[in-house]
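> compute the structure for the input listed below.
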Amino acid sequence: MSDYVKVVYNDQNRPRTDYPERLAKHLFEAFAMRPGMTLLEVGCGRGEFLGNFAKLGLKVNGVDISPEAKRQNLDLRIEICDIEHSMLPHADCSFDIVYSKSFIEHLRDPEKYFREALRVLKPGGILLTLVPDWESNYKIYFDDHTHKTPFSRPALEDIYKIFDFEQVQVLRFRQLPIVWKYPALNCLCALIAPFIPVRTKTKFLR
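Predicted coordinates:
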């Protein structure tokens, strides 16, 4: 079977951009991260976000099911692990932040991930989860055959609370850097979203 990083994230289908750098910087500032804090990214893929968190001064570790993730990031500490069948290869209370982007929707049993994330987080740590919103993406959600578990905003909030996370906040996050700078533009995005074709090839509109 082909490695998903080679198939889905090759430079022809998904060329590298400055987006991971911009998102890492935004999250670093938005969540008051500080140099020296420890971060684990689960489902780190080709390491673009992990590498940029490292450039911001975080002490980073990654986990992925793909051996290719490790081969493409020899300068980063990445462990190969199938979170659906194994515990994370880290000690209890190891990290200030556990981060994932577009990961938990690929799990058949996301509760295993949340249980492990809670275990490796330090007391008072942050579990930061970016996941496609089912309500916004239901028409194309299963265009990706590896999607297993849809999440709406209430569902994501509930799973956090089931595992006793405190100060839970679930927000609709648009992947447009201009909106991060000018949040009022979210209102405009909400108004025009119903008129954009669901399979538009224009990345900015998506």
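
> okay, CA-based contacts and neighbour counts for the rest of this
Will do.

> list the contacts of residue 104.
If you count contacts by CA atoms under 8 Å, 6 or more residues apart in numbering, residue 104 has them with 110, 113, 131, 149.

> restrict those to the buried ones and give me that as a ChimeraX selection.
Listed next is the ChimeraX selection for buried residues among these, using 16 or more other CA atoms under 10 Å:
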select :110,113,131
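
> just the ones in helices from the contacts of residue 104, please.
110, 113 (DSSP state H).

> of the contacts of residue 104, just say which sits nearest to residue 12.
Among the contacts of residue 104, residue 131 lies closest to residue 12 (CA to CA), at 24.0 Å.

> that closest one and residue 101 touch, don't they?
Yes - with contacts counted by CA atoms under 8 Å, residue 131 reaches residue 101, the gap being 6.1 Å.

> from the contacts of residue 104, which is closest to residue 69?
Distances from residue 69 to the contacts of residue 104, taken by CA to CA, are shortest for residue 113, at 19.1 Å.

> quick check: closest non-adjacent residue to the closest one.
residue 83 (6.5 Å; CA to CA, 6 or more residues apart in numbering).

> what lines up beside the longest strand anywhere in the chain in the sheet?
Ranked by number of residues, the top strand in the chain under DSSP state E is strand 121-130. Neighbouring strands of strand 121-130 in its sheet, by DSSP bridges, are strand 95-101 (parallel).

> tell me what the most centrally placed residue in the chain is bridged to.
Most central in the chain under CA atoms, centre = their mean is residue 101, positioned 0.9 Å from the mean C-alpha point. Counting by DSSP bridges, residue 101 forms beta bridges with residue 130.

> shouldn't it be in contact with residue 129?
Yes - in terms of CA under 8 Å, residue 101 counts as a neighbour of residue 129; the distance is 6.1 Å.

> any weak-confidence spans in the protein?
For the chain, applying pLDDT under 70 flags the ranges 1-2, 6, 194, 198-206.

> ok, which stretches of it are strands?
So, for the chain - with DSSP E - the strands run 38-42, 59-64, 78-80, 95-101, 121-130.

> quick one on the thing from earlier: out of the contacts of residue 104, who's nearest residue 77?
Nearest member of these to residue 77, counting by CA to CA, is residue 113, at 19.7 Å.
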